[in-house]
Each structure stands twice: as C-alpha cells, then as structure tokens.
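J.: pasting the structure only:
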C-alpha cells in the first residue's frame, strides 16, 4: 500500500462528475420519467391498523371513465407468500394503517385518486397491537396467528418472531467483581429515513412477458429479484434501470410499488407510473424500529469493565425482520469484554414493516450502552473518553460478534478526540457536553465494473452502484490513481441490470469499498492490456514493460531507446494493437473494515420550554483512507444531523388505534438549517488492509453516536438522566417538572 | 373538465398552457411544460424541493395553483444558470464544496440561495440558516451548503 503522501488523486476534493446535472435540474430522478401513452397508478390503503379483509369489490372503480385496470392481491400469484408480497398488497388481513389494499391504473393521477375511493372493502376491525410491552405479553393479540417463535412448531403462536442469545465468559462472576454497576432501560422511538424523494417508478411490459422498470432504488438488481419473486417471474424477464436516487439511507433497499406497476402494465398493455406522496411514504414505507434496550454494566474502581449484559427488544412492524441481530452484535462492539450476555427479540406489532436505516439496529442498542458507559464514568468520576480508552477494542480484540479485529481505528479516534481543541475547551456555564462512540460493521458483497478507454484516451467506468452521495467521484479518483491519468479524463456511469455485471445494492457502506475494489481491479486489467500493447509496439516481452505515472515504459535495465507511451497514445492506435481497451472485474469483496467514531456535542436547554439547542458538534471517525475527503465529511455531517434529529425530535406518534398522527414533514420534524450548528469533522486514517487504498465504509457509523452523545449532554446540563428519546421539548419539560 | 388558460413567462420565455383547476404550479412546470428540475418532496409546502421564484417572490410551487401563475414570471432551477456564462456562482460553489449528496433537494436550494444573495449581499451564518430553513436536506447536515452560500456571497462581493 502506497504512503498516503504519495497519492496524486486520492485525498483530493474535485467536483463530482455528475455535479452539473444535479445543480442545474437536468438529473433525472424517480418521478421525472414520462413515457408516451403512460397510465398512472394509485394505491388504496387500509384505514385500520388491524382488520380482517372480508371482501374487496373493484367494480365501481373499474367503471370510471379513464380507469384501465384495478388489482388486489387476488391478481397476484397466490403461491408466493413472502412477507414482501403480502406487504405489497394485503391478503386476508390489513396489518397496519396504510397497508396497501388495492391499486388502479388510470389516464391521469387525478382519475386514479378518485377511482380508488370507489373501491369497496369490507373490513372486520380487530384490536391492534401497538407496543413492545403489549406484543410480548403472554396472551397478546396476535399480529400473525401462524407465527411461532423461531419457527418452533411445538410452540404456541406468538408476536415474538425470533430470539437470539450470545455470551462469553461468566457475567455473574463479572458483576460480582464490579465495584460499580449501572443498570438502566432505554426507549428509542421509530424514526423515518426521511429521504426527500418519495418512492417512484415506471413499468412497462410487452406481450412476450418482458418487463422494464425505471425506478429510484439503492439496488436495481435487488428490485429485479424482488419483483420477479412477487410476480413468480424469472429475473431474466425483468430489466431494471435505476434513476438518480433522491436519498435512501436504507429505505430504498426494498420494493413497494414496482410489482404493482408491472402487474397493472401487464393488464393494460401500457406503461404505468406510480409515485408515492409524502403521507404514503410515512405511513407505508420503512421506518426504523422502536426499541426497548435494557443494559447492565459493571466496572472496577479503576474503570475496567468486568461484565456487560443487554436485553434488546425491537419492533419489526407487521412482519418479522427487525434489525435486532445487528443491534445485538454491535451493542458491545467498541469494548474488549471478558464477560457479556446479549439477548435479542424480534417483535411483531401492527405498524409498517421496518426497513434498514443507516447502520440498522445499532443506533438504538448503542444509545443504551453509550448512555450506560457515560453513567459509569459519572459514578467513577472518570473522563468519559478515558473510561472508553481503558476498555477499547483494538487490533486483536475478539469482537463480541465473533471475529478477531484486524487494524481498527477506535483508540486513534478516542486519542484524537481527547486532544481536539473542541474537547480541550471546557463548556461554559449552563452548557452540557456529551460523548459517545459509534460503530458499524460494514459489508463487502458482490460488485462488477468495466473500464473502457476511448480512442482519445478518455476513460469511462461502468458499474452498478446507484450514486447516493458522490460515489461516482470516488470511483473516478481511484481510477485516476490506479491508471495514473488526470481525474478530469474519467467519467463514471451507473448501469442498468442488463448493461453492467451483477452488483449488490448501495448499502452497508459498501460502495466505495467493494465497487471501488472492482474499479481498481478493472483499471489494473486495462494497465495489463496497455503494457501488452506497448510490448507489441516495442517488440519486447510484456514482462519487460512497466506502468509508471500513466505511461508504459521499459523496465529499468531493458536496453531499448523508446519514448514512453501514455494511455492516450496507446488508445489512439488500439485498433492496430488488438482492438478496444476494455478492463473488467467482478468480485465478492471480503474484509470490509469495521468503522468506529467518537462524537461529542455541546447543548443548552431552555428550562421554560424544554427545548434543547445544539451549540456545537464534533465528529471524529476512521475512514481507513478518505478517497474524497469532502464526501467523507459529508457522510459524517449528514449522519450526525440525522442522529441529532432522532435524539431531539423525530418519532412516530400513534393514536390508540394505530394511526400515525404526524405523517408529514410539518409534524414529523426533521432538522432544518436553522436548528443546527456547523458539524466539525476530523477524519482518522487507519488503512483497511483488505483494500488496495485502505478504504473503509464511512456511510453508516455517523448516525450511531449522536443519539447517546445528545442524551449524555442533556444529562450534563440537568444533572439527571432522561433515558428515553426523543429529547423533545414536551418530554424534557415533563422530566424537569418531575424532578422539581 | 373545463381547462383554464394560463399564460406565463417561464425562465424568460412565454409559456401558454391549458391546465385543470386543481393543478399546482409544480404540476404545470413538471407535467405541462416538462421542466422536471423542480422536485416534489412533500406536496404540502414543508420541504422546499419545489421552490421557484414567482415574480421574484420565493414560493413552494406545490402550494400555488397553476391558474394563479397567469400573467406572472416564474424562475426555476433551469433558469438560474446563464446560457452564456455557465453556472451561477451559487451552483458553482455548491459543486466546489461538495454541498450535495443525492442532489434531489439541490434545485430548491439553488433557487432559494440565489434569491437570498439577490437581497442580501453579505449575509451572516444565521441569516443564511434562517433563509434556507424552508429547504430540507436529509443528506448533508447543511454544513457544506451554508459554507457554499457564504463562499458564493464572498465571491459576488469581490467581483462586483
């Protein structure tokens, strides 16, 4: 691995290749495509959180002028019984308020909206299950009467879809050795990913059964397989063309509209466009789990943690599949623990099926642990960073979730935080400070890339990872570094499912790591071809040629007097030396390096209103190697503000019938510019040995630490802890009143 | 349904459209004229992705009925860059500061920030934050957007 100081492209901050399109309004997002003769689809949604569907009559909707088709789940393959397929259109029961019941396709969106109101649905309203406490009771109303915990046939039906447990050492012995024990329970509410672009797609089908879908998604190949699954088609029947994506954060890893649009297109023979409105996005697409996390942690007087125990319950929504697994695996990840025990519960409730949200599962469980650690620091009268340094995981530590950590950056982040001027400066009177650590595993998975060289030497990269935050720029930078050519001569393109090799979705902070790895390897393939072309030109053996600063040169000691051949020069004559230069690579990337962060924030509280104001926020994070540091900072800053929103304000508010009362951006208030300070960043670089440039994923870790950092800062102001989020004005005011 | 005749100037050029009474200015721009740079994020005036200038007033085009635009001048993101001189300084600075990630809120920010700089030549951070408080961005945490607008203001001041 080259020394960072020697890099020419990596670590610079050029303008992204797709930038001009995006600042001038030219870039096409999900809702921007219109096709000739296109129809518009709209979905009828359940007005009940839990109800048996006795009858659906589409006839009045079908009779409307301008309506071309109407469907319910009866129009879909009944043998497919996946959660996904039942979430897309309800079968025997409506499982949450907003669950899709039926859909129509009409000439205009207006006609479609009017027509769905004419669909007659007979419901038998059932009592909804709306909280973890209620759902986990022994005689609870059942969301799914056929569900048994861990699929155990002998067990009675339950709302607990699965349980998990893992442990090391002897927690009882560990707690016996502790001088101080903290034991607390923490609740985190459901929060929505809040991408600004609603879900949207256009689908066409032809009489031969071929389907084309344009949509906004984090993973066109996953849309292809999910849609094929719901419609009992094969993946090769379906082509998915990703639009630009207006935010996802995990929420655009699943499908909602696409199979319905395809079915409507099959029935009408016309393209069908479907676009959700914001209310539908809130009511029917993936929020993050609401959770109850109980933590017990013990330490000796000198701050050595002797045991830690976690009990985690995560709302899954109406179908199994909360991220309690990663929540359980991450809860103790920052610490080197001899004794621990983690139990996790995946719990069904009559709410929308949760979806991934940036480091899915970790913000909730780590909020609990990082609050408990802060409480421990208070009782031990230790600096919270010193306490963490004393127990920090490092290279060689066996992670609570199994593997031995390769080089990781937690200690370096903690040390950098400790000496950061923002930390060294003590907060003023009335200002509280809170510290927390963040973590995410990161993933590798499958990626493909092709690198084509045009006859003028310009390079174009074709890959399959939707660019959700500047990844085209990082692909171009890694290609520029590898090939040794200027960044400006390279462009990167996101292909569709038939123009690029298979690529897993943009998620798990994998794109710059795994797709980047494929791009680097495809560039190395181009270099090998260039060396062969130069060898042919110079009548040398290929092993007598090397690649240096973007040019083929004879190796030292090879006795030949020739001018180096640049990539552009080789490209100019490529028709005579073997044809087009085209490098490619496909891989299943291993060794995504774990990413740690340390965040702290300074807050003040208005004791009359309970409003918490964030005065300062600093994020320190290990990026492995920051390919485009400005976009790494962007991930850190964006994640910080999402985490602050979750800590301070964001929550799903349900009435007693399971109706979300705040399904709009007015009432579900995400942070706005005037709520936030600048977010200071320091990037730490502990290179990941599994990537040629040392890249770690950086996208998800940033949302994890802000929740506890904020809680800990509020505790610092008030002198007592509010365990549950959000720390919204009414909740903080109530806590202050109760304390007085 | 009877259509309503709406005559407007969009980005300096006359656009005459027949629209329905319920259609919004956003629908008129996107669906009737084909200017899809203006985005719909909420349809209720809460996110600012559909921000345009209506006779130099900053509005959420999803909250304006299309017939209300009759006889008025509209500037959208497509009309901000000068075809002769290229990008507006706000657009250029957003790019230089990496102040967009997904980019879907960017058109609204471009229009709002330009309107800010047309009215305030030397806005402080707080002024910028309050001026842009009607535009939601879920990706950036606003930091780089604020810095880009500060930089744009500075550049405008030095080139005047």
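T.: That came through, no problem. Just so it is clear, the model here is predicted, and its values are computed rather than measured. Numbering: from 1, shown residues only, chains lettered A, B, ... in the order given.
J.: so the residue in chain B positioned nearest to chain A: helix, strand or coil?
T.: Across chain B, the shortest distance to chain A (Cβ to the nearest Cβ) belongs to residue B:37, at 1.9 Å. (Glycine included, C-beta is placed from N, CA and C.) Per DSSP: H, G, I helix; E, B strand; the rest coil, the secondary structure class of residue B:37 is coil.
J.: and for it, the neighbour number?
T.: 27 (other Cβ atoms under 10 Å in any protein chain shown).
J.: so it sits right up against residue A:22, yeah?
T.: No. Here residue B:37 lies out of contact with residue A:22, judged by Cβ atoms under 8 Å, at a distance of 9.7 Å.
J.: got the domain ranges for the chain?
T.: No chain was given, so I picked chain A. A:33-126+A:197-246+A:252-284, A:291-442+A:593-739, A:444-589 (automatic domain parsing).
J.: my bad, chain B
T.: B:4-79, B:89-159.
J.: is chain A within reach of the shortest one?
T.: Meaning domain B:89-159. Yes. Residues of domain B:89-159 contacting chain A under Cβ under 8 Å from any Cβ of the partner chain: B:91, B:94-98, B:100-107, B:110, B:125-126, B:128-130, B:132-147.
J.: re the thing from before, ranking the domains of chain A by burial, who's on top?
T.: Counting by mean count of other Cβ atoms under 10 Å in any protein chain shown, domain A:291-442+A:593-739 has the highest mean neighbour count of the domains of chain A, with a mean of 22.
J.: look at that one and report the distance between its end residues.
T.: For domain A:291-442+A:593-739, the first and last residues are 25 Å from each other (Cα to Cα, to the nearest Å).
J.: which helix in chain A runs the most residues?
T.: For chain A, the helix that runs over the most residues, judged by DSSP state H, is helix A:516-538.
J.: ok, for residue A:396, nearest residue in space, not its chain neighbours?
T.: What sits nearest to residue A:396 in space, not counting adjacent residues and going by Cβ to Cβ, 6 or more residues apart in numbering or on different chains, is residue A:404, at 6.1 Å.
J.: just to revisit the earlier point, out of the domains of chain A, which is closest to residue B:114?
T.: domain A:291-442+A:593-739 (15.8 Å; Cβ to Cβ).
J.: ok, what's across the strand from residue A:121?
T.: residue A:56 (DSSP bridges).
J.: could you pull up the residues touching it?
T.: Applying Cβ atoms under 8 Å, 6 or more residues apart in numbering or on different chains, we find residue A:121 in contact with A:44, A:53, A:55, A:56, A:57, A:101, A:102.
J.: likewise for residue A:305?
T.: Per Cβ under 8 Å, 6+ apart, neighbours of residue A:305: A:297, A:298, A:299, A:335, A:337, A:376, A:391.
J.: what about 6 Å?
T.: A:299, A:391 (Cβ atoms under 6 Å, 6 or more residues apart in numbering or on different chains).
J.: what helix or strand is the residue nearest the centre of chain B on?
T.: In chain B, the C-alpha nearest the mean C-alpha coordinate belongs to residue B:111, at 2.9 Å (Cα atoms, centre = their mean). Using DSSP states H and E, residue B:111 sits in helix B:106-119.
J.: what's the offset of the helix or strand following that helix from the middle of its chain?
T.: Using DSSP H and E, the next helix or strand after helix B:106-119 towards the C-terminus is helix B:125-131. Relative to its chain's centre, helix B:125-131 lies at 17 Å (Cα atoms, centre = their mean, to the nearest Å).
J.: so for helix B:125-131, mean pLDDT?
T.: Mean pLDDT, computed over helix B:125-131, is 98.
J.: next one: stretch B:136-155
T.: 98.
J.: what lies in contact with that stretch?
T.: A:194-196, A:247, A:634, A:637-638, A:640-641, A:673, A:676, A:678-679, B:47, B:89-90, B:93-94, B:97-99, B:101-102, B:105, B:113, B:117, B:123, B:128.
J.: who are the contact partners of the residue nearest to the centre of chain B?
T.: Counted by Cβ under 6 Å, 6+ apart, residue B:111 has contacts B:51, B:52, B:77.
J.: per-residue confidence for residue 38?
T.: No chain was given, so I picked chain A. Residue A:38 is given a pLDDT of 98.
J.: oops, I was thinking of chain B
T.: On the pLDDT scale, residue B:38 gets 98.
J.: isn't it right up against residue B:75?
T.: No. Using Cβ atoms under 6 Å, residue B:38 is not in contact with residue B:75; the gap is 10.4 Å.
J.: what angle sits between the helix ranked longest in chain B and helix B:106-119?
T.: Longest among the helix segments of chain B by residue count, using DSSP H, is helix B:143-159. Computed by axes from the mean of the first three to the mean of the last three Cα atoms, to 10 degrees, the angle separating helix B:143-159 from helix B:106-119 equals 40 degrees.
J.: next one: helix B:143-159 to chain centre, how far?
T.: 17 Å.
J.: and the helix or strand residue B:15 falls within, which strands flank it?
T.: Using DSSP H and E, residue B:15 falls within strand B:13-19. Taking DSSP bridges as the criterion, strand B:13-19 forms sheet pairs with strand B:4-10 (antiparallel).
J.: still on that earlier bit, how about the residue nearest to the centre of chain B: what's its closest non-neighbour residue?
T.: According to Cβ to Cβ, 6+ apart, the nearest residue to residue B:111 is residue B:51 (4.7 Å).
J.: ditto for residue A:705
T.: residue A:438 (3.4 Å).
J.: re earlier: next step: the contacts of stretch B:136-155 restricted to strands.
T.: residue A:679 (DSSP state E).
J.: hang on, the earlier thing: make CSV out of the domains of chain A and add distance to residue A:144.
T.: CSV is the format used below for the domains of chain A (distance: least, Cβ to Cβ, whole Å):
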stretch, distance to residue A:144
domain A:33-126+A:197-246+A:252-284, 8
domain A:291-442+A:593-739, 6
domain A:444-589, 27
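J.: around chain B, pick out the residues from the stretch 551-700 of chain A.
T.: A:630-631, A:634, A:637-638, A:640-641, A:664-666, A:672-674, A:676, A:678-679 (Cβ under 6 Å from any Cβ of the partner chain).
J.: repeat that for 10 Å
T.: A:617, A:619, A:628-645, A:664-681, A:699 (Cβ under 10 Å from any Cβ of the partner chain).
J.: surely residue A:564 is in contact with residue A:551?
T.: Yes. Between residue A:564 and residue A:551 there is a contact under Cβ atoms under 10 Å: 3.9 Å.
J.: could you check how far the closest residue to residue A:123 other than its chain neighbours is from residue A:287?
T.: Leaving aside its sequence neighbours, residue A:123 sits nearest to residue A:51 (Cβ to Cβ, 6+ apart; 4.0 Å). The span separating residue A:51 from residue A:287 equals 21 Å under the rule Cβ to Cβ, to the nearest Å.
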